[in-house]
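Asks: sequence and predicted structure are below.
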Amino acid sequence: MSAGTLQVLIADGDGDRARRIAEACAARGLACQVAAHGGSALELALDELPRVLVSQVDLPLIDGPRLASILRTNPRTRALHVLYLADRGEQADRSDLADRVLPAAIDPEVVAGCVQATLAGRSAGEGEAPAVDTGGVEGELSQLALADLLQLFQVNRRTGIVELVQDLGRGRRREGSVLLSDGSVVAARVGAIRGEKALYRMLTWDRGSFAFRPQAVDAEFEIRTPTRTLLREGMRQLREWEQLAVELPPLGARAGLRIARSALPSVIHPLTQEVLLALEHGSRVGDVVDRCSFPDYQVLRTLHTLVERGMVELRPEPEAVVPASDARLFTSSGTARLREWLDLERPGGLAAHRAKVLVLASSEQATRRFAELLATLPGVEPLGSEPATDDLAPLARLAVDEQVGLDIVHCPADPRFAALWPLAAHGALACLLLLEAPAGRSAAALRPAARALAALPRARLLAVALLGAGERATAEEVDGHLPLLSRDAFAALRLDAPAEAEARLREVLARVLP
């Protein structure tokens with residue numbers, strides 16, 4: 001079947017239901033194919049360019065809403081029509097799904113009729129879509145992470161090149177590539193960095209674009225480690241890196257030996273030997289990381305250990321010095337990421353010095369508690385009195401460094417202000433949902449706003465429970481009420497333990513940064 005001739009793609013983990021829907025569609029003369037999970041559905045959609053996607057909401061591997069979002073960021077499938085299949089009653093009432101949801105107890109004939117009506121309306125209004133047959137895949141890393149993309153290509157045994165690009169603003173770009181043979185990663189490159197080190201570095205990229213080009217791969221196989229093992233190790237390193245980000249040396253700092261080389265131990269681990277040799281050729285931490293053949297995270301961990309043992313000293317770059325009160329709150333790497341994000345969000349060289357974080361609270365008390373806790377942090381400037389429940393108003397201004405900062409803005413969560421939510425969230429780094437005990441009840445009150453915000457492009461939602469003495473809240477209590485991406489997007493702050501609450505708030509703010 002050539003690209004553009006497929007009319008209907010049925011993506012359903014329920015094989016029997018998918019078969020019956022396909023038969024009903026075929027009886028009406030509709031060309032269709034079936035996919036059992038989101039991975040194969042993504043591949044088929046980008047190869048065959050269907051006009052309608054019929055997708056199970058809880059589709060395995062990549063769920064229906066995420067699949068639709070990925071396809072609509074691709075120019076070749078942007079106009080795709082979507083019909084969702086609900087497995088449970090509450091799915092049919094989901095307000096965050098912009099497309100039609102067919103309720104549970106699916107009738108295949110009803111589905112086929114809806115598809116036919118959709119196609120008829122589209123043909124009358126838009127004409128036939130042009131046929132395109134490139135076999136490529138394009139998208140944004142914010143929608144589909146590189147690790148997920150490589151897993152999909154491994155399942156489908158694809159051969160070709162994945163090219164990645166990050167626009168750093170002001171004419172700067174960062175480029176990389178991953179070569180695949182029969183689904184396996186065989187080579188990777190980022191500038192002069194090659195092999196596993198380059199792949200691990202690209203797995204940390206969460207912004208930018210990717211493009212897959214199917215073609216024969218003639219390059220030398222630089223990577224022999226099984227792809228599943230590579231991805232598992234890469235994600236492990238990434239998780240540890242995120243947990244230790246505050247402790248690891250910033251890439252812009254300068255490093256140097258504090259002791260004579262003759263005083264070094266005679267038996268040294270190969271990684272440590274590489275780090276010490278790299279220090280002789282370049283003292284900037286970023287240069288040391290580039291010169292070593294080991295993955296970036298391992299090099300930084302080794303440098304951190306050498307600093308702790310008094311063998312290496314770190315000195316900040318003169319231009320990277322920030323006020324001491326602010327340096328304790330945000331890391332140099334976090335500040336750099338925010339600057340890159342501001343460059344990306346303000347094209348054309350426009351200056352941008354402030355990012356926005358939106359706050360929605362379940363009560364005025366939650367807003368007051370949060371504002372009081374914010375005021376204890378360094379570099380925070382409270383802005384006026386606390387806003388009322390129905391106010392859209394600045395809550396605080398938080399310095400990241402001497403030029404860049406965050407504006408914390410309160411937005412009303414009452415459904416009466418639903419029209420305001422997407423406007424207030426436009427350009428926001430993230431949205432903080434402030435809860436109180438009992439967390440389930442607070443989460444239910446914020447559910448309409450949270451679902452509307454989660455449906456916006458590049459939405460990032462974090463739930464923060466503000467707890468008094470004897471109160472408790474867990475991620476399980478809010479699960480099902482709020483569309484959080486993971487359990488890591490929930491944090492409980494115990495206000496009766498100020499030091500602990502401040503530390504947890506610092507963690508939340510660190511997650512807010514890009």
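Replies: Sure thing, it's come through. Here the structure is a predicted model, which is why all the values come from computation and not from measurement. Numbering: from 1, shown residues only.
Asks: and the contacts of stretch 414-422?
Replies: For stretch 414-422, the surrounding residues in contact (CB atoms under 8 Å, 6 or more residues apart in numbering) are 389, 390, 392, 411, 412, 448, 449, 452, 453, 456. Using the backbone N, CA and C atoms, a C-beta is placed for each residue, glycine as well.
Asks: go through those residues and flag which are in helices.
Replies: Among the contacts of stretch 414-422, the members found in helices (DSSP state H) are 448, 449, 452, 453.
Asks: flag the helix or strand of this structure with the lowest per-element mean pLDDT.
Replies: When each helix and strand of the chain is scored by mean pLDDT, DSSP states H and E, helix 324-327 comes last, with a mean of 37.
Asks: most centrally placed residue in this structure?
Replies: Closest residue to the average C-alpha location of the chain: residue 142 at 4.9 Å, with CA atoms, centre = their mean.
Asks: quick check: it is in a helix.
Replies: No: assessed with DSSP: H, G, I helix; E, B strand; the rest coil, residue 142 is coil; it does not lie in a helix.
Asks: buried subset of the contacts of stretch 414-422?
Replies: For the contacts of stretch 414-422, a burial check counting by 16 or more other CB atoms under 10 Å picks out 411, 412, 448, 449, 452, 453, 456.
Asks: from these, which two are the most distant?
Replies: Using CB to CB, the buried ones among the contacts of stretch 414-422 span at most 16.8 Å, a distance reached by 412 and 456.
Asks: quick one: residues contacting residue 179.
Replies: So residue 179 contacts 160, 161, 162, 185, 186, 187, 188, 217, 219 (CB under 8 Å, 6+ apart).
Asks: low-scoring stretches of the stretch 201-350 of the chain, by residue?
Replies: By pLDDT under 70, the weakly predicted segments of the stretch 201-350 of the chain are 219, 245-246, 261-263, 266-267, 281-282, 316-334, 340, 342-350.
Asks: please repeat the previous calculation with a cut-off of 90.
Replies: Across the stretch 201-350 of the chain, the ranges flagged by pLDDT under 90 are 204-222, 224, 227-229, 231-232, 234-293, 297, 304, 306-350.
Asks: tell me where it has helices.
Replies: 227-243, 270-281, 285-291, 296-308, 324-327, 332-345 (DSSP state H, counting those that start in this stretch).
Asks: how about these in CSV, adding distance to residue 15 and mean neighbour count?
Replies: Putting these into CSV (distance: least, CB to CB, whole Å; neighbours: other CB atoms under 10 Å) gives the following:
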stretch, distance to residue 15, mean neighbour count
helix 227-243, 25, 15
helix 270-281, 49, 16
helix 285-291, 48, 20
helix 296-308, 41, 19
helix 324-327, 56, 14
helix 332-345, 42, 18
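Asks: can you put those helices in CSV and add distance to residue 194?
Replies: Formatted as CSV, the helices of the stretch 201-350 of the chain follow (distance: least, CB to CB, whole Å):
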stretch, distance to residue 194
helix 227-243, 14
helix 270-281, 16
helix 285-291, 12
helix 296-308, 14
helix 324-327, 35
helix 332-345, 24
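Asks: of all those helices, which lies closest to residue 14?
Replies: helix 227-243 (27.2 Å).
Asks: what about the strands in the stretch 351-500 of the chain?
Replies: 354-361, 380-382, 393-399, 405-410, 428-435, 461-467, 490-494 (DSSP state E, counting those that start in this stretch).
Asks: which parts of stretch 430-444 are buried?
Replies: By neighbour count with 16+ other CB under 10 Å, stretch 430-444 contains the buried residues 430, 431, 432, 433, 434, 435, 436, 437, 439, 440, 442, 443.
Asks: between those residues, which is nearest residue 27?
Replies: The closest of these, once distances to residue 27 are taken by CB to CB, is residue 443, at 45.1 Å.
Asks: gap between the closest one and residue 302?
Replies: Separation of residue 443 from residue 302 (CB to CB, to the nearest Å) stands at 43 Å.
Asks: so which of the strands of the stretch 351-500 of the chain gets nearest residue 87?
Replies: strand 461-467 (24.0 Å).
Asks: which neighbouring elements make contact with the closest one?
Replies: helix 364-374, strand 428-435, helix 439-454, strand 490-494, helix 498-512 (3 or more CB pairs under 8 Å, 6 or more residues apart in numbering; DSSP states H and E).
Asks: tell me where the stretch 51-200 of the chain has helices.
Replies: 64-72, 108-126, 146-155, 195-202.
Asks: may I have the first one exported as CSV, CA atoms only?
Replies: This points to helix 64-72. Extracted in CSV, the C-alpha atoms of helix 64-72 (Å, rounded to 0.1, in the frame of the first residue of the first chain):
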residue,chain,number,x,y,z
GLY,A,64,-3.8,7.3,22.2
PRO,A,65,-3.6,11.0,23.2
ARG,A,66,0.2,11.0,23.2
LEU,A,67,0.2,9.2,19.8
ALA,A,68,-2.1,11.8,18.3
SER,A,69,0.0,14.7,19.8
ILE,A,70,3.2,13.3,18.2
LEU,A,71,1.6,12.8,14.8
ARG,A,72,0.1,16.3,14.8
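Asks: so it versus helix 439-454, what angle?
Replies: Between the axes of helix 64-72 and helix 439-454, defined by axes from the mean of the first three to the mean of the last three CA atoms, to 10 degrees, the angle is 20 degrees.
Asks: quick one: helix 64-72 to chain centroid distance?
Replies: 15 Å (CA atoms, centre = their mean, to the nearest Å).
Asks: what about that helix, average pLDDT?
Replies: Averaged over helix 64-72, pLDDT sits at 87.
Asks: what residues does that helix touch?
Replies: Applying CB under 8 Å, 6+ apart, the external contacts of helix 64-72 come out as 11, 38, 41-42, 45-46, 53, 55-59, 62, 77-78, 80, 82, 84-85, 96-97, 99, 139, 143-144.
Asks: put the buried members of the residues you listed into a PyMOL selection.
Replies: Those of those that count as buried under 16+ other CB under 10 Å are selected in PyMOL with:
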select buried, resi 11+38+41+42+45+46+53+55+56+57+58+59+62+77+80+82+84+85+96+97+139+143+144
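Asks: in strands only, show me the contacts of helix 64-72.
Replies: Judged by DSSP state E, those include 11, 53, 55, 56, 82, 84, 85, 139 as members of strands.
Asks: outline the domain layout of the protein.
Replies: What automatic domain parsing lists as the domains of the chain is 8-126, 137-242, 254-320, 327-512.
Asks: turn those domains into TSV, columns for distance to residue 248.
Replies: Listed next are these as TSV, based on distance: least, CB to CB, whole Å:
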stretch	distance to residue 248
domain 8-126	31
domain 137-242	7
domain 254-320	4
domain 327-512	8
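Asks: about what we covered before: how about the ones in strands among the contacts of helix 64-72 in CSV, adding distance to residue 67 and pLDDT?
Replies: As requested, these are arranged in CSV below (distance: CB to CB, whole Å; pLDDT from 0 to 100):
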residue, distance to residue 67, pLDDT
11, 7, 94
53, 7, 94
55, 6, 93
56, 10, 93
82, 9, 91
84, 10, 91
85, 12, 91
139, 11, 79
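Asks: what would those look like in a markdown table with distance to residue 371?
Replies: Output for these, formatted as a markdown table (distance: CB to CB, whole Å):
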| residue | distance to residue 371 |
| --- | --- |
| 11 | 45 |
| 53 | 45 |
| 55 | 42 |
| 56 | 43 |
| 82 | 41 |
| 84 | 40 |
| 85 | 44 |
| 139 | 39 |
